[in-house]
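*Asks:* Have a look at this fold, sequence not included:
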Ligand code: PEP
Ligand code: MN
């Protein structure tokens, strides 16, 4: 249930509305917009039937939310959520690009990559220290040593770091290094992990599961938010279909659908979606045209010798060229490229 308050509602009125709702055992979340204030009510909505909400001073309208997700729903927030990252806001007017290697493979390659992507306009550095690999025999990341390298490169370049957390046992460790914690596609429905990162206030980059519907993705975001962490960034990275021409099937329509359904920022990952270097640029353009708030892109100093995802990684020149050819698409979408 969402309560829309009247213009100029007073603090006393707001407090009174919340007290009435909370007395019935529901929780309230206030969303203060520029023009109006919304009160979201979470819990057993049946109980609200016993009160005439419209007769409470300061209440203008009451809307039932039929969606299974509430905190993540567009109706729940008066304004789009903007998440500060490296001097810009994800979900604001600017389009943000996050770039870096699939995996942290060493301090030197990481620093070189950070410098190259930063110079080309990336606003954050990605790199996995803990890698979810389909085969247990593949390179599974450098672990804490990789996190230390990420922190050292952040200190050197000023770029905030985005890195994956795979397990509830690693949340504290990863959170002690990362500016943004990534939940990978394979863990999108790891509900213990979602609950654990929900206890943080650090931004969470939540990637869509390979066979997750949009509703599944939004319910996963709801898990995080229901624990008190409102800083969730969604990411469309392709889903598994019967198609074999690309690594995954990039669900372009998911971007405008998500922008309609939720107030959370939406990024696209053209690297994992296409799985091929030559597809990264066209999928990036399409994502921006479809309304994505930013991109996360894999870049490696020598893609052919990358320990993971070399086929889809851009080299430094390819990344710089993508950043310049992206600009007209960003402008056509009525946005500016944060750089
Ligand atoms: C990654 O970002 O390197 C990764 C493993 O992504 P995903 O979880 O989308 O497969
Ligand atoms: Mn990867």
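*Replies:* Done, it's in. Just so it is clear, the model here is predicted, and its values are computed rather than measured. Residues are numbered from 1 along each chain as shown. Ligands and ions are numbered 1, 2, ... in the order given.
*Asks:* tell me, how many neighbours does residue 183 end up with?
*Replies:* Residue crowding around residue 183 was assessed by other Cβ atoms under 10 Å; the count is 25. To be clear about C-beta, it is placed using only N, CA and C from the backbone, and glycine gets the same treatment.
*Asks:* can you check residue 96 too?
*Replies:* Using other Cβ under 10 Å, residue 96 has 27 neighbouring residues.
*Asks:* Packing partners of whichever strand or helix holds it?
*Replies:* Assignment of secondary structure by DSSP states H and E places residue 96 within strand 94-100. Using 3 or more Cβ pairs under 8 Å, 6 or more residues apart in numbering; DSSP states H and E as the contact definition, the elements that strand 94-100 packs against are strand 88-90, helix 107-120, strand 124-126, strand 294-298, helix 316-332, strand 336-337.
*Asks:* per-residue confidence for the residue lying closest to residue 292 once chain neighbours are set aside?
*Replies:* On the basis of Cβ to Cβ, 6 or more residues apart in numbering, the spatially nearest residue to residue 292 that is not a chain neighbour turns out to be residue 268, at 4.4 Å. At residue 268, the pLDDT value in this model is 99.
*Asks:* what are the pairing partners of the strand holding residue 96, and which direction each?
*Replies:* The pairing partners recorded for strand 94-100 under DSSP bridges are strand 124-126 (parallel), strand 294-298 (parallel), strand 336-337 (parallel).
*Asks:* between the ones you listed, which gets nearest to residue 4?
*Replies:* Between residue 4 and the strands paired with strand 94-100, the tightest spacing by Cβ to Cβ is seen for strand 294-298, at 30.3 Å.
*Asks:* close to ligand 2, is the closest one?
*Replies:* No. In this structure, strand 294-298 remains apart from ligand 2 according to Cβ under 5 Å from the ion; the gap is never smaller than 5.6 Å.
*Asks:* That strand vs ligand 1: in contact?
*Replies:* No. Judged by Cβ under 6 Å from any ligand atom, strand 294-298 makes no contact with ligand 1; its nearest approach is 6.9 Å.
*Asks:* now swap in stretch 143-159 and tell me
*Replies:* No. Shown here: stretch 143-159 not in contact with ligand 1 (Cβ under 6 Å from any ligand atom), separated by at least 12.6 Å.
*Asks:* what's the average pLDDT for that stretch?
*Replies:* Per-residue pLDDT values across stretch 143-159 average out to 98.
*Asks:* mind listing the helices for the stretch 101-250 of the chain?
*Replies:* 107-120, 144-157, 171-175, 191-198, 214-226 (DSSP state H, counting those that start in this stretch).
*Asks:* Near ligand 2, which residues of the stretch 51-200 of the chain? Just list them.
*Replies:* Residues of the stretch 51-200 of the chain lying close to ligand 2 by Cβ under 5 Å from the ion are residue 102.
*Asks:* Quick check: the residue nearest to the spatial centre of the chain vs residue 322, distance?
*Replies:* Centrality entry for the chain: nearest residue to the mean C-alpha point is residue 233, 1.7 Å, by Cα atoms, centre = their mean. As defined by Cβ to Cβ, to the nearest Å, residue 233 lies at a distance of 21 Å from residue 322.
*Asks:* now residue 274
*Replies:* Distance check for residue 274 against residue 322: by Cβ to Cβ, it reads 13 Å.
*Asks:* In this protein, which residue sits nearest ligand 2?
*Replies:* The chain approaches ligand 2 most closely through residue 102 (3.3 Å), counting by Cβ to the ion.
*Asks:* Looking at the closest residue to that residue other than its chain neighbours now. What's its pLDDT?
*Replies:* Leaving aside its chain neighbours, residue 102 sits nearest to residue 309 (3.8 Å; criterion: Cβ to Cβ, 6+ apart). What the model reports as pLDDT for residue 309 is 97.
*Asks:* And for residue 110?
*Replies:* 98.
*Asks:* what about it, how many neighbours?
*Replies:* Neighbour number of residue 110 under other Cβ under 10 Å is 26.
*Asks:* Please apply the same query to the one 4 residues further on.
*Replies:* Taking other Cβ under 10 Å as the neighbour definition, residue 114 ends up with a count of 27.
*Asks:* you'd agree it is up against residue 155?
*Replies:* No. With contact taken as Cβ atoms under 8 Å, residue 114 and residue 155 are classed as non-touching, separated by 10.8 Å.
*Asks:* Overlap of the contact sets of these two?
*Replies:* The overlap between the contact sets of residue 114 and residue 155 (Cβ atoms under 8 Å, 6 or more residues apart in numbering) is empty.
*Asks:* Residue 269: what's it in contact with?
*Replies:* Neighbouring residues of residue 269 by Cβ under 8 Å, 6+ apart: 207, 235-238, 295-297.
*Asks:* for those, which one is nearest residue 98?
*Replies:* With Cβ to Cβ as the yardstick, the closest approach to residue 98 among those comes from residue 296, at 4.4 Å.
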